[in-house]
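> coords below, sequence missing:
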């Protein structure tokens, strides 16, 4: 490929590279000023596509510059000062574009790191709020459970008290009825007294008989 053809290609790539770098810088500026992560800024795909395109153009432009240098070195006659100056100018332009591209990529990485840091901080804060809310809900659940347990114990205590009251009323009713029966049969008390007196008399008589029998047996044994 001739020197003039390579020079025209280099000039075309430089113009295209200038346009792509300008667009890339605008996207990066949007990202760095958004204050949010790159995904939320809506520039993710555009930024990545432009970065890949600029990288490809820089690589092609570097190949064109190398080809121009080879063409100059292979000439039968020494290249003119103008040709050498033109090749050097293209290399200087490539170096400047490469430096600007590297600086812009650094800004993107810094913005990405900052956005990720902010995202992580927000996530930590959200996680803390969720944890605090869960703890409050758990504590509220334990308090409600304690209240229900206390209510159940009070209900059981009230039920037991009511049962005792019913039993006391039943016993009082039974005693009243028994008192009424005894009052309607006045002879029962005297009959019970007579039975008790007779049992005591029988006990005394049996005791005396046993004593006499023992005395007789002892007298018979000792005689």
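Yes, it's here. These numbers were taken from a predicted model, which means no experiment stands behind them.
> all helices of the protein, in order?
Under the criterion DSSP state H, the chain contains helices at 3-34, 38-41, 44-74, 81-184, 187-222.
> which of the ones you listed has the lowest average pLDDT?
Sorting these by mean pLDDT places helix 38-41 lowest, at a mean of 51.
> can the helices of the chain go into a markdown table with extra columns for mean neighbour count?
To be clear about C-beta, it is placed using only N, CA and C from the backbone, and glycine gets the same treatment. Converted to a markdown table, those look like this (neighbours: other C-beta atoms under 10 Å):
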| stretch | mean neighbour count |
| --- | --- |
| helix 3-34 | 16 |
| helix 38-41 | 15 |
| helix 44-74 | 16 |
| helix 81-184 | 12 |
| helix 187-222 | 10 |
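> OK, contacts around the residue nearest the centre of the chain?
Centroid-nearest residue in the chain, with C-alpha atoms, centre = their mean: residue 131, separated by 5.8 Å. By C-beta atoms under 8 Å, 6 or more residues apart in numbering, the contact set of residue 131 is empty.
> distance of it from residue 4?
According to C-beta to C-beta, to the nearest Å, residue 131 stands 71 Å off from residue 4.
> what does residue 222 give?
170 Å.
> Now for residue 2, how many residues are close by?
If you count neighbours by other C-beta atoms under 10 Å, residue 2 ends up with 9.
> Would you agree it is in contact with residue 74?
No: Residue 2 lies out of contact with residue 74 (C-beta atoms under 8 Å); the separation is 11.3 Å.
> Not counting residues beside it along the chain, what's closest to residue 67?
Leaving aside its chain neighbours, residue 67 sits nearest to residue 6 (5.3 Å; criterion: C-beta to C-beta, 6 or more residues apart in numbering).
> Now do the same contact list for the one you found.
For residue 6, the contact set (C-beta under 8 Å, 6+ apart) comprises 64, 67-68, 71.
> Export those residues to JSON lines and append columns for distance to residue 193.
Below are the contacts of residue 6 laid out as JSON lines (distance: C-beta to C-beta, whole Å):
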{"residue": "64", "distance to residue 193": "142"}
{"residue": "67", "distance to residue 193": "146"}
{"residue": "68", "distance to residue 193": "148"}
{"residue": "71", "distance to residue 193": "152"}
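> which one of those sits closest to residue 21?
Residue 21 lies nearest to residue 64 out of the contacts of residue 6, by C-beta to C-beta, at 17.0 Å.
> quick one: the closest one and residue 206, what's the gap?
The gap separating residue 64 from residue 206 is 146 Å, by C-beta to C-beta.
> and what of residue 148?
According to C-beta to C-beta, residue 148 stands 69 Å off from residue 206.
> Ok, residue 117 next?
110 Å.
> what's the answer for residue 52, then?
Per C-beta to C-beta, residue 52 is found 128 Å from residue 206.
> Repeat that for residue 14.
Using C-beta to C-beta, residue 14 is found at 145 Å from residue 206.
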